[in-house]
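1. Below are the sequence and a predicted model; questions follow.
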Amino acid sequence: MADGRTVRGAGEGDVGPVGPASAVRPFLVTAGRVAGAAGEASSGRTMPVETQLVATTGGLDALHRLSFEQHDIVAACRVPQSIAEIAARLRLHLNVVRVLAEDLRTAGQLSVHVPDAGVTHDASVLRRVIDGLRAIPDSRRVLRDTD
Amino acid sequence: MTPTEPLARTSAGQAAVRPPLPVKLVIAGGFGVGKTTAVGSISEIEPLTTEAAITEVAAGVDDLSHTPAKTTTTVAMDFGCITIDPTLKLYLFGTPGQERFGFMWDDIVEGAIGGLVIVDTRRLDDCYAAVDYFEHKQIPFAVAVNAFDGRTAHTLDEVRWALDVSEGVPLLVFDARERGSVRDALLVVLEQALARSGG
């Protein structure tokens, strides 16, 4: 990671549980609020981990007024990011990102795109994924160093 | 051609950029079985790790209060992605396969188009729970034996018998280190999903 901190568990060869996470900080960030087990959007629908977050023009305009995590999320979402990517890149718990994303959405600073549940059965989408995967060549990338 | 506006809901405020439609596959399996390697072999980004908090109930025998001891630990979830085209992005989530992590699966698996259960034939029990989970949830999946050094400890027939997976579930041998091999394993899962969709 760019911040030079060790990403624990990045190699799954390590044992699974990766040590205690901060017990307090995540909930200070959300003022004690927690998302539902699977994270709930305001509509009552779940906010899956692949839900896309995109900064709004209003959010980018207000960036200098935002602080800490809110600022970082909106700034990172200049390029669309999933909830999981934001959690990983900003080292926040998934449910913390869900709560903050909902706040930022309510404030009009973040656009939250919850994928349609029906997409998993959409043959045309599946065919596009299949065609896209088939186009990937065999060769390994040179990027990797060790396994 | 599919409409490029499959996203259900755009919330208040104008998005500066239109995001792709995200779809995901889940890669399950025991620790060290090759989930992260498989994700890294095909992902366009180095696999990212996020930590999902889990609560474990320990069956302590020395607990005088007779209340189960709960400990909260975090489990690493590794993931990567593949941009299919500017409007469609495939995410690959690797999640621990053991039963004790079962309750975090709903959070990750909800909405997945399919699953790949990676098996190390020397440690078959690590994947029973994941197989049961996908079967129970009726999520299309395949079982992939990771051939360490090109060898497996059991034949595919033996693995199928041991895991008690139905004939309809594809079982294959692959090499998590090879991009083409991972791609082909994912394609098997997607073909399952496509067949299930009626397409």
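-> Great, that's in hand.
2. Nearest spatial neighbour of residue 86, chain-adjacent residues omitted?
-> No chain specified, so I'll use chain A. A:Val97 (5.1 Å; CB to CB, 6 or more residues apart in numbering or on different chains). Any C-beta I mention is one placed from the backbone N, CA and C, and that applies to glycine too.
3. ah, I was thinking of chain B
-> B:Pro86's closest residue in space is B:Pro20 (CB to CB, 6+ apart), at 6.5 Å.
4. before we move on, what about A:Arg89?
-> The shortest distance from A:Arg89 to any non-neighbouring residue, by CB to CB, 6+ apart, is to A:Ala76 (6.2 Å).
5. shouldn't the one you found be in contact with A:Leu92?
-> No - under the criterion of CB atoms under 8 Å, A:Ala76 makes no contact with A:Leu92, lying 10.8 Å away.
6. What segments of the chain are helices?
-> Went with chain A since none was named. In chain A, the segments counted as helices under DSSP state H are A:25-29, A:57-61, A:68-76, A:83-90, A:94-106, A:123-134.
7. nope, chain B
-> Using DSSP H, helices in chain B cover B:35-42, B:102-109, B:128-137, B:156-163, B:179-197.
8. okay if I get these as a markdown table plus distance to B:Pro86, mean neighbour count and mean pLDDT?
-> Below are those laid out as a markdown table (distance: least, CB to CB, whole Å; neighbours: other CB atoms under 10 Å in any protein chain shown; pLDDT from 0 to 100):
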| stretch | distance to B:Pro86 | mean neighbour count | mean pLDDT |
| --- | --- | --- | --- |
| helix B:35-42 | 19 | 26 | 94 |
| helix B:102-109 | 25 | 19 | 75 |
| helix B:128-137 | 31 | 19 | 89 |
| helix B:156-163 | 39 | 14 | 89 |
| helix B:179-197 | 20 | 21 | 96 |
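9. what's the closest of these to chain A?
-> helix B:179-197 (3.4 Å; CB to the nearest CB).
10. Need the CA coordinates for the closest one. CSV is fine.
-> What follows is helix B:179-197, C-alpha atoms only, in CSV (Å, rounded to 0.1, in the frame of the first residue of the first chain):
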residue,chain,number,x,y,z
ARG,B,179,-4.0,-16.4,-15.6
GLY,B,180,-5.4,-18.5,-18.4
SER,B,181,-6.2,-21.3,-16.0
VAL,B,182,-8.0,-19.0,-13.6
ARG,B,183,-9.9,-17.3,-16.5
ASP,B,184,-11.1,-20.7,-17.7
ALA,B,185,-12.3,-21.7,-14.2
LEU,B,186,-14.2,-18.4,-13.9
LEU,B,187,-15.7,-19.1,-17.3
VAL,B,188,-17.0,-22.4,-16.1
VAL,B,189,-18.8,-20.6,-13.3
LEU,B,190,-20.2,-18.0,-15.6
GLU,B,191,-21.5,-20.7,-18.0
GLN,B,192,-23.2,-22.2,-15.1
ALA,B,193,-24.8,-18.9,-14.2
LEU,B,194,-25.8,-18.3,-17.8
ALA,B,195,-27.5,-21.8,-18.1
ARG,B,196,-29.3,-21.0,-14.8
SER,B,197,-30.5,-17.7,-16.1
